[in-house]
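K.L.:
Sequence first, then the predicted structure, then my questions.
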Amino acid sequence: MPVDTRELMEAIAIIANERNVQVTMKQSAKGAMVCAATAFIGGILLGPVGLAAGGTAGGLMAYKMTGGTFRPLADVLLNDLNDAQQERLVRHVNNAVAQFAISDLAMLLPLLMNNAGIQQAVLNTAVSFVTNELKCQVIQ
């Protein structure tokens, strides 16, 4: 019996929320470049004090620039994936949990909520999927 895609997506979202997994759309790299550039300029202009001042100013600028761009993985999975992407993720999850010898896929959801090994396998699959398909960075 096949698992309902929506139910499985919601179960994955629950696990991602419990583990507080966050996603960003490559904003970390932009923030790091801003911070490094301001520290470099501060160092050139003011020496060691400028490094500290530039690094601090750059960190604050990076914070302001990237504020609100980090989102929970659960939100991305439930709201940003189209139907075809959700189906592909469900196929990947089914392949990932095949090693746990679940004879009936309808048993997957209860086991998923109570088995740490299956939870980790499913979460790893979802993180890999979001990283490869949506080109997101994941923060665990």
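P.N.:
It's in.
K.L.:
which stretches of the chain have low pLDDT?
P.N.:
1-3, 25-28, 66-69, 100-106 (pLDDT under 70).
K.L.:
the helices in it, which residues?
P.N.:
5-18, 27-46, 48-66, 73-79, 83-96, 108-114, 116-133 (DSSP state H).
K.L.:
mind checking which of these is nearest residue 139?
P.N.:
helix 27-46 (8.0 Å; Cβ to Cβ). All C-beta spots, glycine's among them, are computed from the backbone N, C-alpha and C.
K.L.:
Pull out the buried positions in the closest one.
P.N.:
Neighbour-count burial for helix 27-46, counted by 16 or more other Cβ atoms under 10 Å, picks out 27, 31, 34, 35, 38, 39, 42, 43.
K.L.:
Do I have it right that the second one meets residue 65?
P.N.:
Yes. Under the criterion of Cβ atoms under 8 Å, residue 31 is in contact with residue 65, at a separation of 6.4 Å.
K.L.:
that older thread, pick out the most distant pair among the buried residues of helix 27-46.
P.N.:
Largest separation among the buried residues of helix 27-46 by Cβ to Cβ: 27 and 43, giving 24.4 Å.
K.L.:
Break the chain down into its domains, please.
P.N.:
Annotated domains of the chain cover 1-25+70-140, 27-68 [automatic domain parsing].
K.L.:
where's residue 92 relative to residue 128, distance?
P.N.:
Distance, residue 92 to residue 128, by Cβ to Cβ, to the nearest Å: 8 Å.
K.L.:
what number of residues lie near residue 6?
P.N.:
11 (other Cβ atoms under 10 Å).
K.L.:
follow-up on the earlier one: with respect to residue 107, which of the buried residues of helix 27-46 is nearest?
P.N.:
residue 27 (39.3 Å).
K.L.:
Next, residue 115: phi, psi?
P.N.:
Backbone torsions of residue 115, given as degrees, to the nearest 10, read phi -120, psi 110.
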